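A.B. asks: need coordinates for the following:
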Amino acid sequence: MTEPTRAWRTTFFRCIGLGIVVMVAVGLAACGGTSNGESGGAPAKADVLTVADSGIVTTLDPRASSSSEVRVLANLYETLILANPPGSPEPYSPCLATSWEKSSDGLVWTFHLREGVTFHDGTPFNAAAVKYSFDATTKLGLGFAYIWSDLEKVRVVDDYTVELTMAKSLPVEPLAAAQYGSWIFSPKSAGKPQEWWDEGRDAGTGPYVLESYKPNQEIVLGRNTEYWGKWKDNQFQTVVLPTITEPQTARQMLENGTVDGVQIVPADSVPALKANPNLQVQELATLTSVIIYLNTQRAPLDNVLVRQALAYATPYQDIITASMNDLAVQSNGPMPEGLWPRDDTIQPYTYDINKAKDLMVQAGYPDANFKVVMSYPAEESYHKNMAVLLKESWAKIGFQLDIRPMLWAQAWEKAKGPEDKRWDVLSITWWPGYAHGYDTLYEELHSETTTAFNLAYWSDKEYDNLIDTAWATESLDRPKAKAMYDEAQVMIHDQVPIIYPWDFLNVVAWSNKLKFEPMAECMFYPVVIRYYYVTL
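C.D. replies: Now for the predicted structure:
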């Protein structure tokens, strides 16, 4: 895999970081929202669902998308297969492909395609369209095209069979089911520039079509009447997404019935939602985490004992309470629960200031007095709350924390810049690019010749070899690969190039009038609600 600089995180994480990511639907009626507590019974047909939306759209081009507009695109476009929620009988389910298999050497993956599907522009879906989509995405080279860096060729076997030949034996399923970079779109869009898409056009096969697009005002989705999955009366005809950028405003609109749902609610609003008798509220695991990079190239952070001391001097539960109103869980390492190949046997660090002091003595710093500079994305209040608690606690072992918040794009550029200008400590929000832990293990800590996201500047060839070999082994010998992934995670735990404070919880609430099927909200597709699976 290449070493891409994934600038897509700079916009997408802002949407995540506005608050707890929430889908709330209340008081739904056939013609839109009604205020909480109104009755009258559920309508016979589901007509309009209105959801307050962040409005953030960097592009509607399925080849180039890498930001939070995915919440719209996931309803317009489809992939060959879908990742199932954790705990499902099978990890993947058919979508535009009905079945698939790999060659004995793991290099050639054959997908058998669904027949009778048409794109929204009337073009028939077939193997040629799949080849066109992959070729167009990789040729453009934007967004998530990097996930296909080991794709050598796409071959049309017949109208409904396509082969993907890889340069290495790799697990192709998580790539084919990725949230970005794997959309299938109509060949009739060939030659259209990004501006053409951004005027409000789509060319997918999904259950909804893009009816109208008013930037920073409103997006309207309508039923694809020819959808291969068919429709029932209790599925929604139309989804209206008015742009509401202020989470508190969205909450007020929700509570007064102006909208039927919101996508982002501040953490401090969750108790009130739980107290609302008209709502069902759940707390679901996510793949999104906060991580704290330690600059392993700069003394005293180049000393592993010092890094371990800081890990023990981090008050995890206090941070989770102050930053997230307890709507998070402490991480045990780089992979949140549910993301394969997480090593569940790893015990997370606990807050133990005496052990932290002992480690500082072992490191040769019994009377430490270090000044270290920490930055975090100024857009995110939860980073600020964490930094304040770190400053207080780390001072107990001789670290005077100089906190300097900065807009994320600027902080990131500084972190990638000249060594003498880099941060000592940097906290950011993180999630994998696709539903596999290799993406996290690689992007966070694999050795880099040009700094992209290994902002701990940690380089260990044994670690690199472990995860790269595991990735190339997995499709042929999954248990062997898992053992190597586990060993790599133990290395991270012991070496502490990164401190892992918490994994986010996704608070999901809806009224008794609504039902969310499992694929409506799958943790492997952050910020996406598939409205086809939301029913009365």
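
A.B. asks: can you give me the strands in the stretch 301-450 of the chain?
C.D. replies: Assignment of strands within the stretch 301-450 of the chain using DSSP state E, counting those that start in this stretch yields the ranges 328-330, 370-375, 399-403, 425-430.

A.B. asks: same list, these, but as a markdown table with mean neighbour count and mean pLDDT please.
C.D. replies: Where C-beta positions appear, they are placed from N, C-alpha and C, glycine not excepted. Written out in a markdown table, the entries for the strands of the stretch 301-450 of the chain read as follows (neighbours: other CB atoms under 10 Å; pLDDT from 0 to 100):
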| stretch | mean neighbour count | mean pLDDT |
| --- | --- | --- |
| strand 328-330 | 21 | 94 |
| strand 370-375 | 18 | 97 |
| strand 399-403 | 17 | 97 |
| strand 425-430 | 24 | 95 |
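
A.B. asks: need those in JSON lines (columns: distance to residue 212).
C.D. replies: Rendered in JSON lines, the data for those read as follows (distance: least, CB to CB, whole Å):
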{"stretch": "strand 328-330", "distance to residue 212": "37"}
{"stretch": "strand 370-375", "distance to residue 212": "41"}
{"stretch": "strand 399-403", "distance to residue 212": "45"}
{"stretch": "strand 425-430", "distance to residue 212": "32"}
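
A.B. asks: among those strands, which is nearest residue 140?
C.D. replies: For residue 140, the closest of the strands of the stretch 301-450 of the chain is strand 425-430, at 25.6 Å, according to CB to CB.

A.B. asks: what are the contacting residues of the closest one?
C.D. replies: By CB atoms under 8 Å, 6 or more residues apart in numbering, the surrounding residues in contact with strand 425-430 are 9, 13, 16-17, 288-295, 301, 372-377, 380, 383, 386-387, 401, 408, 411-412, 415, 440, 444, 455.

A.B. asks: between strand 399-403 and it, find me the angle.
C.D. replies: Taking axes from the mean of the first three to the mean of the last three CA atoms, to 10 degrees, one finds that strand 425-430 is oriented at 60 degrees with respect to strand 399-403.

A.B. asks: and strand 425-430, which strands flank it?
C.D. replies: Sheet pairing for strand 425-430, assigned by DSSP bridges, gives strand 279-294 (antiparallel), strand 370-375 (parallel).

A.B. asks: name the SS class of residue 490, please.
C.D. replies: Secondary structure, DSSP: H, G, I helix; E, B strand; the rest coil: residue 490 is helix.

A.B. asks: count the residues that sit near it.
C.D. replies: 15 (other CB atoms under 10 Å).

A.B. asks: mind pulling up the pLDDT for it?
C.D. replies: pLDDT, residue 490: 98.

A.B. asks: check the one 3 residues further on too.
C.D. replies: What the model reports as pLDDT for residue 493 is 98.

A.B. asks: I figured it hits residue 345, correct?
C.D. replies: No. Using CB atoms under 8 Å, residue 493 and residue 345 do not qualify as a contacting pair, with a distance of 10.4 Å.

A.B. asks: so what's the residue lying closest to residue 309 once chain neighbours are set aside up against?
C.D. replies: Distance criterion CB to CB, 6 or more residues apart in numbering; nearest residue to residue 309, sequence neighbours excluded, is residue 359 at 3.9 Å. Counting by CB under 8 Å, 6+ apart, residue 359 touches 305, 306, 308, 309, 312.

A.B. asks: any idea how far residue 359 lies from residue 346?
C.D. replies: When CB to CB, to the nearest Å is applied, the distance between residue 359 and residue 346 equals 19 Å.

A.B. asks: skipping its backbone neighbours, what lies nearest residue 462 in space?
C.D. replies: Residue 462's closest residue in space is residue 491 (CB to CB, 6+ apart), at 7.4 Å.

A.B. asks: quick one: contacts for the one you found?
C.D. replies: Contact analysis of residue 491 by CB under 8 Å, 6+ apart lists 460, 462, 463, 466.

A.B. asks: just residue 70 next, same as before
C.D. replies: For residue 70, the contacting residues are 12, 179, 180, 525, 527, 528, by CB under 8 Å, 6+ apart.

A.B. asks: need phi/psi at it.
C.D. replies: Taking degrees, to the nearest 10, you get phi -60, psi -30 for the backbone angles of residue 70.

A.B. asks: one more: residue 147?
C.D. replies: The main-chain torsion angles of residue 147 are listed as degrees, to the nearest 10 and equal phi -70, psi -20.

A.B. asks: contacts only, for it.
C.D. replies: Contact criterion CB under 8 Å, 6+ apart gives 175, 178, 181, 182, 433, 434 as the residues in contact with residue 147.

A.B. asks: redo those residues as CSV? Include neighbour count and pLDDT.
C.D. replies: Below are the contacts of residue 147 laid out as CSV (neighbours: other CB under 10 Å; pLDDT from 0 to 100):
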residue, neighbour count, pLDDT
175, 26, 96
178, 23, 95
181, 25, 95
182, 23, 97
433, 25, 80
434, 23, 87
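
A.B. asks: just the ones of those in helices?
C.D. replies: Applying DSSP state H to the contacts of residue 147, the entries found in helices are residue 175.

A.B. asks: for the contacts of residue 147, which one is nearest residue 261?
C.D. replies: residue 178 (25.8 Å).

A.B. asks: lowest average confidence, helix or strand, in this structure?
C.D. replies: Of all regular secondary-structure elements in the chain, judged by mean pLDDT, DSSP states H and E, the least confident is strand 32-33 with a mean of 39.

A.B. asks: following the chain onward from it, which element is next?
C.D. replies: On the C-terminal side of strand 32-33, the nearest following helix or strand under DSSP states H and E is strand 48-52.

A.B. asks: show me where the stretch 101-250 of the chain has helices.
C.D. replies: Listed in chain order, the helices of the stretch 101-250 of the chain (DSSP state H, counting those that start in this stretch) span residues 127-140, 173-176, 194-198, 247-255.

A.B. asks: hey, which of these is tucked in deepest?
C.D. replies: The highest average neighbour count among the helices of the stretch 101-250 of the chain, using mean count of other CB atoms under 10 Å, belongs to helix 173-176 at a mean of 24.
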